[in-house]
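Enquirer: got a predicted model here, sequence first, then my questions.
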Amino acid sequence: MANYSTNEFRAGLKVMLDGEPCSILENEFVKPGKGQAFNRVKLRNLNTGRVWERTFRSGETLEGADVMDRTMEYLYTDGEFWYFMEPDTFEQYQADAKAVGDAHMWLKEQDRCEVTLYNGSPLSVAPPNFVELEIIETDPGLKGDTASGGSKPATLSTGAVVKVPLFLSQGEVIRVDTRTGEYQGRAGKS
Amino acid sequence: MNWRPGADTGRLRARAELLAQIRRFFLDRDVLEVETPLLCQAGITDPAIEPLRVDRGRSVRAPRYLQTSPEYAMKRLLAAGSGPIFQVARAFRDGEAGSRHNPEFTLLEWYRPGFDHHQLMAETAELVCKCLGTRGQEKYSYRELFRETLDIDPFVASLDALEALARQHLDLGGMSGDRDLWLDLLMSHLIEPQLKTRGLCFVYDYPATQAALARVVESDGVPVGERFELYVDGIELANGYCELTDPTEQRARCERDNARRREHGLPEHPLDEALLAAMAHGLPPCSGVALGVDRLLMLATGATDIREVLAFDWERA
């Protein structure tokens, strides 16, 4: 991989830091007029998700990381691995629980996800921002109660539990924002 | 290609007003406005500042350097008997880009024969308060500031102690360097953020190794460079000196700079022989200061990024 100098650090650039693949979030150039120049860099460790703040001398270099974001179709899980396919090449990838993380709550077969590959293997999986999932368990719906503003927990087909309005019942398909885990409405409406 | 300016019309107007205010300030004080060349035969030797070079052109027989500040030329005018002078000049510094840096920027630089650096700090405060409105003012020696904010004496603490303090607060990986590296790091990363709430804050009498072109004197048993920096709301705005006038010492510092450039694999730059000749003729005792006009405009208009106050920043230029 190419080496990148501090002046080439941009948000989104993937680099290796202390053996860990990282994505650069921010790069601040700090230089007293008569002193030495530094770059104060915020990075996300793509293995752990943790944000790292490291100061470099300007002009230092880091090796690029072989990290790529790909849109893939989610196929299925066998309980140990989750399988994804690149739609153009039909190439399949298996992701372990660490790579899938909390995304497993939102994975529905045939949905498109962002899979981050590191040295060719899935490092992390981001579900679509919005998913449509069926309610498989919730208290019986209170017909006509669309105004009281109350809510109840509902278990979805993927196992996720979200708060939904009282009038919804089992078997209905709802739209959820995966970033917040919040109910957005019935599927097919907005 | 984005052809539009980065600064809105309000900020373009604020710049014009600021420049008018600066000129009025010096006109009232009988300080003469001058203009000096931007493209000169000598660059700067300071290892922390890199000039941009122009190598080609029918008029270019040897490489020319875009000036990193108008300092050398203005000192030649002083040696020739100009009296107090000021200049609003474009300056260029290679590789300096960020939220407070643009490789091409505007400097206000002025020189006061007969002033020491404390008198010049007072005048700088007057100008800045005229432009930004009156604000609180504080003044610390470099030593006092380190003692007060970090509880360490920058002149006597060991290199290991400085490094340990920096590492206690910052993730620095395998960074290594001399005393000045650790001092610069502590100043810019730990002290500067604490100055945000202090209005105008002058810091003066720097370690002799950071004197740049300031006179070095003995103070409190240690050699200090009679240099000052002005921070406004934590933003470094101006850098001034009680000027070094001794040509022998000036030559020695430039040669030391070039030696450090060699050590660090940086290009060496020719010494400005015209400046050295002017100093040999006699630079009057004086103090001078350079102030970042773009940053002053940022403070005046509440901008957080220098690109908001430049018509066209480096990427749009």
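Expert: Here it is on my side, so go on. Numbers count the residues shown, from 1 in each chain, chains lettered A, B, ... in the order given.

Enquirer: can you tell me the closest non-neighbouring residue to residue 135?
Expert: Unless you meant another one, I'm taking chain A. In space, residue A:135 comes closest to residue A:154 once its chain neighbours are excluded; the distance is 4.7 Å by Cβ to Cβ, 6 or more residues apart in numbering or on different chains. Any C-beta I mention is one placed from the backbone N, CA and C, and that applies to glycine too.

Enquirer: oops, wrong one, chain B.
Expert: Using Cβ to Cβ, 6+ apart, the closest residue to residue B:135 is residue B:199 (4.0 Å).

Enquirer: residues near the one you found, how many?
Expert: Under the neighbour criterion other Cβ atoms under 10 Å in any protein chain shown, residue B:199 is assigned a count of 18.

Enquirer: and the stretch 1-150 of chain B, which residues reach chain A?
Expert: With Cβ under 8 Å from any Cβ of the partner chain as the criterion, the stretch 1-150 of chain B comes near chain A at residues B:46, B:48-49, B:95-101.

Enquirer: how about the residues you listed in a markdown table, adding neighbour count and secondary structure?
Expert: As requested, those are exported to a markdown table (neighbours: other Cβ atoms under 10 Å in any protein chain shown; DSSP: H, G, I helix; E, B strand; the rest coil):
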| residue | neighbour count | secondary structure |
| --- | --- | --- |
| B:46 | 20 | coil |
| B:48 | 21 | coil |
| B:49 | 22 | coil |
| B:95 | 17 | coil |
| B:96 | 22 | coil |
| B:97 | 17 | coil |
| B:98 | 18 | strand |
| B:99 | 15 | coil |
| B:100 | 20 | coil |
| B:101 | 20 | strand |
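
Enquirer: just the pLDDT for the residue nearest to residue A:135.
Expert: What the model reports for residue A:154 is a pLDDT of 95.

Enquirer: burial count for it?
Expert: Using other Cβ under 10 Å, residue A:154 has 25 neighbouring residues.

Enquirer: and the helix or strand encompassing it, how far from the chain's centre?
Expert: Assigned by DSSP states H and E, residue A:154 belongs to strand A:151-156. The gap between the average C-alpha position of strand A:151-156 and the chain average comes to 23 Å, counting by Cα atoms, centre = their mean, to the nearest Å.

Enquirer: before we move on, what about stretch A:35-52?
Expert: For stretch A:35-52, the distance from its own C-alpha centre to the chain's C-alpha centre is 20 Å (Cα atoms, centre = their mean).

Enquirer: please name the nearest non-neighbouring residue to the residue nearest the centre of chain B.
Expert: Centrality entry for chain B: nearest residue to the mean C-alpha point is residue B:239, 4.1 Å, by Cα atoms, centre = their mean. Spatial nearest neighbour of residue B:239, chain neighbours left out: residue A:33 (4.8 Å); criterion: Cβ to Cβ, 6+ apart.

Enquirer: correct me, but the one you found touches residue B:236?
Expert: Yes - here residue A:33 reaches residue B:236: they are 6.3 Å apart, a contact under Cβ atoms under 8 Å.

Enquirer: in chain A, which residue sits closest to chain B?
Expert: For chain A, the nearest residue to chain B under the criterion Cβ to the nearest Cβ is residue A:29, separated by 2.9 Å.

Enquirer: and residue B:279, how far from residue B:194?
Expert: Look at residue B:279 and residue B:194: by Cβ to Cβ, to the nearest Å, they are 38 Å apart.

Enquirer: now do the SS call for the closest residue to chain A within the stretch 151-300 of chain B.
Expert: Relative to chain A, the nearest point of the stretch 151-300 of chain B is residue B:184 (3.9 Å; Cβ to the nearest Cβ). Three-state assignment for residue B:184 (DSSP: H, G, I helix; E, B strand; the rest coil): helix.
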